[in-house]
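Q: need a 3D model of the following:
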Amino acid sequence: MHGNARSHVDRHIPFKREGWGIALFIVGLAVASAAFATVVHKRTYRHPTDVHFQAAGAAAGSASHGAASASH
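A: Alright, predicted model coming up:
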């Protein structure tokens with residue numbers, strides 16, 4: 001019954017490093033991108049109800065609208 005069974009032979013199979021450097025580079029790039037996006041968001045984001053928030057062109061737009069309506 002066990003006559004044909006092969007006995008276990010210990011063989012050292014070396015660790016292959018194929019592609020691990022590139023994989024670690026990609027993971028590091030993803031982490032750095034997420035950190036950079038978080039920093040930019042924290043420094044530049046203003047909530048729409050913030051009292052210091054101004055719409056783009058609000059200050060210049062009011063002056064130009066007054067001049068444009070006077071000329072029409």
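Q: only C-alpha atoms for contact and neighbour calcs from this point on.
A: Will do.
Q: so for the helix or strand hosting residue 22, mean pLDDT?
A: According to DSSP states H and E, residue 22 maps onto helix 20-44. Helix 20-44 shows an average pLDDT of 96 in the prediction.
Q: for stretch 49-63, same thing?
A: Averaging the model's pLDDT scores along stretch 49-63 yields 67.
Q: now do residue 46: how many residues are near it, please.
A: Applying other CA atoms under 10 Å, we find 13 other residues in the vicinity of residue 46.
Q: now it: closest residue in space, sequence neighbours ignored.
A: If the residues on either side of it in the chain are set aside, residue 46 comes closest to residue 53, at 6.6 Å by CA to CA, 6 or more residues apart in numbering.
Q: assign a three-state SS to that neighbour, would you?
A: Three states are possible here, and by DSSP: H, G, I helix; E, B strand; the rest coil the one that applies to residue 53 is coil.
Q: around it, how many other residues sit close by?
A: By the measure other CA under 10 Å, the count of residues near residue 53 is 11.
Q: tell me the contacts of residue 40?
A: With contacts taken as CA atoms under 8 Å, 6 or more residues apart in numbering, residue 40 has no neighbouring residues.
Q: residue 45 is in contact with the residue nearest to residue 46, correct?
A: No - taking contacts as CA atoms under 8 Å, residue 53 lies outside contact range of residue 45: 10.0 Å.
Q: many thanks, I have nothing further to ask.
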